[in-house]
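Asker: Sequence and predicted structure below; questions after.
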Amino acid sequence: MHGAFDLKVDEYKKYKGIKRENLRDHMTDLELIVTMLGEAATTRITGDRDSQGIPALKKDARDGGAVAGRTRKDIEQQTGTKVIAKENFLPYKAKKLLKQK
């Protein structure tokens, strides 16, 4: 998460204005795509490198996150708008139901 968006998960949740809810439930399409790109890149990097052990896997995760981060920055440069949005994906009614739980 940090590599793709330059925010830790708790910082991202605070930015979105959510507390206990699932962050992915509140992401826009582009936020989800960038997140999935980072995960897929990390999986591919780990497989290609045949990484073993925590230090190697951490490096793979940083490298995969960097791929997603560069992509996010490129999208922002091309569109002139931030990928990270304060808006939440869930409609108001669904958010209200989640708060009742």
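Answerer: Cool, the structure landed. Residues are numbered from 1 along each chain as shown.

Asker: Which element, helix or strand, includes the most centrally placed residue in the chain?
Answerer: Geometric centre of the chain, nearest residue: T35, 3.7 Å, by C-alpha atoms, centre = their mean. If you go by DSSP states H and E, T35 is part of helix 29-49.

Asker: tell me the contacts of the nearest residue to the residue nearest to the centre of the chain once chain neighbours are set aside?
Answerer: The shortest distance from T35 to any non-neighbouring residue, by C-beta to C-beta, 6 or more residues apart in numbering, is to A4 (6.3 Å). Heads up, the C-betas are built off the backbone N, CA and C, glycines and all. Residues near A4 by C-beta atoms under 8 Å, 6 or more residues apart in numbering: 34-35, 37-38, 65, 68-69, 72.

Asker: which two from those residues end up farthest apart in space?
Answerer: T35 and G69 (11.1 Å; C-beta to C-beta).

Asker: follow-up on the earlier one: tell me the first helix or strand C-terminal of the helix holding T35.
Answerer: Counting by DSSP H and E, what follows helix 29-49 is helix 54-79.

Asker: what comes up buried for that following helix?
Answerer: Using 16 or more other C-beta atoms under 10 Å as the test for burial, helix 54-79 gives 60-61, 63-65, 67-69, 71-72.

Asker: repeat for stretch 21-36
Answerer: Here stretch 21-36 shows 21, 23, 26-27, 30-31, 33-35 as buried, counting by 16+ other C-beta under 10 Å.

Asker: From those residues, pick the one nearest E87.
Answerer: Checking the buried residues of stretch 21-36 one by one against E87 (C-beta to C-beta), the nearest turns out to be H26, at 8.6 Å.
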